[in-house]
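>>> Take this sequence and fold it.
(one chain, ligands or ions: 2)
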Amino acid sequence: MKDPAKLLILAGDGIGTEIMREARRVAEWFAARPGANLMLDEALFGIAAWRAEGAVLSDATWAKIEACDAILFGAIGSPDYDLIPPERRQRDSLLRIRGELDLFANLRPIRLIDALADASTLRPEIVRGTDLVIVRELVGGLYFGEPRGISDLPDGRQEAVNTLRYASDEIERIARVAFDLARTRRGRVCSVDKANVMETGALWRRVVQAVHDRDYGDVALSHMYADNCAMQLVRDPRQFDVVVTENTFGDILSDCAAMVAGSIGMLPSASLGPVMPDGRRQALYEPIHGSAPDIAGKGIANPLGAILSFALCLRLTLGRVEDAALLDRAVEAAVAAGARTADLAPAEAGTLSTREMGDRVLAELRRLAE
Ligand code: IPM
Ligand code: MG
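Ligands and ions are numbered 1, 2, ... in the order given. Presented below is the predicted three-dimensional model:
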């Protein structure tokens with residue numbers, strides 16, 4: 001038998017701990033299924049690691065990251081990061097994992113579960129049927145560009161610099177991910193930039209168009225300015241199939257699109273590296289929401305974004321497509337049966353704790369698998 005696939009859980013900060021506890025229970029359920037061949041491990045990351053190991057991301061954790069087949073990540077962010085010297089923060093953060101593993105392709109599917117049409121702040125008739133994927137470039141642009149930093153000016157003022165830079169091959173490889181994905185869906189890509197203002201946008205547009213014209217004539221390509229895209233996402237989200245964009249726009253637009261799905265707590269993501277010669281690729285799966293320090297430790301956070309991230313892992317790293325579909329269906333069934341954490345329900349309605357939501361998904365899994 002092949003070596004088992006190694007899945008490393010990094011719960012991280014804030015609500016990361018509580019949501020990942022539920023994601024882990026779900027992962028264990030799948031690991032126990034016939035033929036699963038999956039091994040789970042866990043390591044400290046974030047403030048807890050800083051306290052216990054003197055580093056947000058210790059060498060021991062880094063060794064596990066390098067040895068695993070995929071990471072299931074919770075959340076990063078806490079007011080306590082102020083305790084850490086700024087240069088350590090940057091070097092030890094989630095961005096280091098993204099950068100060093102070259103996880104350039106960030107897939108953020110935004111699909112409204114029909115039963116949640118009323119949970120969105122947008123009208124149900126606008127959001128019903130939404131099913132789009134934001135493909136966000138994840139290891140370039142402002143997040144990584146050099147030079148960067150804050151410096152003192154001779155006249156006593158301070159100055160801060162970040163750099164937005166994209167080379168054509170970086171644009172090309174993310175465009176290919178978007179076009180390939182569109183071929184498995186409804187065959188449409190909308191590329192988002194600020195070509196009207198920025199050279200990076202002009203190059204982005206030109207390269208995406210050229211890749212399309214050369215190799216993806218069967219996919220329908222359109223271009224949109226990022227500001228307009230923010231508006232279109234809330235005006236008429238159903239117009240989108242695959243949206244491809246650079247790092248910072250993808251960050252902002254995916255939070256914006258999240259409200260279409262009822263709550264940011266629902267949304268999973270996959271961050272993938274280049275395909276290696278043996279066909280494998282590095283991968284990190286995480287909910288797109290943050291660490292939510294305001295509700296951390298209360299046991300009320302929505303674990304579904306984390307659980308659905310594991311479903312993406314089943315599909316994209318473990319090749320367990322049927323298991324992934326089973327998990328998607330279990331989450332839908334739980335929600336359709338009325339399971340709601342506080343973020344999904346009006347204040348007066350009864351709500352489930354993080355643990356209870358995990359229980360409901362597991363109960364649906366057992367029922368559906370019978
Ligand atoms: C995200 C998050 C991260 C980002 C933060 C936590 C660094 O907002 O994954 O969208 O900005 O990329
Ligand atoms: Mg974000």
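
>>> ok, which stretches of the stretch 101-250 of the chain are strands?
With DSSP state E, counting those that start in this stretch as the criterion, the stretch 101-250 of the chain has strands at 105-111, 131-137, 149-152, 158-161, 188-193, 220-225, 242-245.

>>> which of these sits most buried?
Per residue and on average, the most neighbours among those fall to strand 242-245, with a mean of 28 (mean count of other CB atoms under 10 Å). The C-beta positions use only the backbone N, C-alpha and C, and glycine is treated the same way.

>>> That one near ligand 1 at all?
No. Against ligand 1, strand 242-245 shows no contacts by CB under 6 Å from any ligand atom, the least distance being 12.7 Å.

>>> Show me what that strand packs onto, helices and strands only.
Other elements packing on strand 242-245 under the criterion 3 or more CB pairs under 8 Å, 6 or more residues apart in numbering; DSSP states H and E are strand 131-137, helix 168-183, strand 188-193, helix 226-235.

>>> Nearest to ligand 1, out of these?
Of all those, it is strand 131-137 that lies closest to ligand 1, at 8.0 Å by CB to the nearest ligand atom.

>>> Which elements pack onto the closest one?
Secondary elements touching strand 131-137 (3+ CB pairs under 8 Å, 6+ apart): strand 105-111, helix 168-183, strand 242-245, helix 247-258.

>>> now the shortest one, how far from the centre of its chain.
Spelled out, it's strand 242-245. On the basis of CA atoms, centre = their mean, to the nearest Å, strand 242-245 sits 14 Å off its chain's mean C-alpha point.

>>> Would you mind listing the outside residues contacting that strand?
132-137, 174-175, 177-178, 181-182, 185, 188-193, 208, 226, 229, 253 (CB atoms under 8 Å, 6 or more residues apart in numbering).

>>> One more pass at 7 Å, please.
132-136, 174-175, 178, 181-182, 185, 188-192, 226, 253 (CB atoms under 7 Å, 6 or more residues apart in numbering).

>>> for stretch 315-322, same thing?
Under CB under 7 Å, 6+ apart, the answer for stretch 315-322 is 5, 38, 69, 70, 270, 272, 283, 314, 324.

>>> among the helices and strands packed on strand 242-245, which is nearest residue 276?
Among those, the nearest to residue 276 by CB to CB is helix 168-183 (13.9 Å).

>>> The closest one - contacts with which helices or strands?
Where contact means 3 or more CB pairs under 7 Å, 6 or more residues apart in numbering; DSSP states H and E, helix 168-183 is packed against strand 131-137, strand 188-193, helix 199-215, strand 242-245.

>>> Who does the shortest one pair with, and is each partner parallel or antiparallel?
Pairing partners of strand 242-245, with direction, according to DSSP bridges: strand 131-137 (parallel), strand 188-193 (parallel).

>>> From the chain's centroid, how far away is the longest one?
It refers to strand 131-137. 10 Å.

>>> what's the angle from it to helix 168-183?
Strand 131-137 runs at 170 degrees relative to helix 168-183, counting by axes from the mean of the first three to the mean of the last three CA atoms, to 10 degrees.

>>> any idea of the angle strand 131-137 forms with strand 105-111?
Going by the same axes, to 10 degrees, strand 131-137 makes 160 degrees with strand 105-111.

>>> residues in the stretch 201-350 of the chain within reach of ligand 1, list them.
Going by CB under 6 Å from any ligand atom, the residues of the stretch 201-350 of the chain near ligand 1 are 251, 288, 290.

>>> most surrounded residue in those?
Counting neighbours by other CB atoms under 10 Å, residue 288 leads these with 24 neighbours.

>>> coming back round to it: possible to save the helices and strands packed on strand 242-245 as CSV with distance to residue 147 and mean pLDDT?
Converted to CSV, these look like this (distance: least, CB to CB, whole Å; pLDDT from 0 to 100):
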stretch, distance to residue 147, mean pLDDT
strand 131-137, 20, 98
helix 168-183, 18, 98
strand 188-193, 23, 98
helix 226-235, 24, 98
